[in-house]
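**Q** Fold the following and give me the result.
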Amino acid sequence: MFNFDDANRKSKEAVDTALRTYSDTTRGFQAIAAEAADYSKKSFQDAVTHFETLAGVKSFEAAFELQTNYVKSYFEGLVSETTKLSEMYADLAKSAYKPYEAPIATAVAKTTRQAPPATPAAA
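**A** Numbers count the residues shown, from 1 in each chain. Now for the predicted structure:
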């Protein structure tokens, strides 16, 4: 017999889990957006400062050295920021999946117990 109280409770748990996941995911995307915006501002400020310095250089050798150092530091910063953002995305994915991990494992376990064993096809 169908138990409405049990179905209602399970439905409420599912909605609560979905809302909590949505809230956590939103906060994660906000943190990622804030990090990307901060990096963009810093990168732009560094570029402006670099070009102001570059404009005051008197020799080609000094300009070349200044430009080389800037590109090197820019690349290192970009790699560092990309690594940080990828870790933030990975953490976001893990936290979004976590509430569903146990119910999915339970459902898979029930499904595999109820499924009849497969018989090989006759050749």
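
**Q** Give me the helices and strands touching the host helix or strand of Phe51, please.
**A** Element membership for Phe51 (DSSP states H and E) is helix 4-55. Other elements packing on helix 4-55 under the criterion 3 or more Cβ pairs under 8 Å, 6 or more residues apart in numbering; DSSP states H and E are helix 60-114. No exception for glycine: its C-beta is placed from N, CA and C like everyone else's.

**Q** per-residue pLDDT, Gly56?
**A** What the model reports as pLDDT for Gly56 is 92.

**Q** count of neighbours near it?
**A** Using other Cβ atoms under 10 Å, Gly56 has 9 neighbouring residues.

**Q** same deal with Ala96?
**A** By the criterion of other Cβ under 10 Å, Ala96 has 14 neighbours.

**Q** Quick check: it touching Thr25?
**A** Yes. Contact criterion Cβ atoms under 8 Å: Ala96 and Thr25 qualify, at 5.1 Å.

**Q** can I assume Ile32 is in contact with Leu85?
**A** Yes. Because the distance of 6.4 Å satisfies Cβ under 8 Å, Ile32 is recorded as touching Leu85.

**Q** give me the low-pLDDT residue ranges for this structure?
**A** Along the chain, the model assigns pLDDT under 70 to residues 1, 114-123.

**Q** which residues sit in contact with Leu92?
**A** Taking Cβ atoms under 8 Å, 6 or more residues apart in numbering as the contact definition, Leu92 lies against Thr25, Gly28, Phe29, Ile32.
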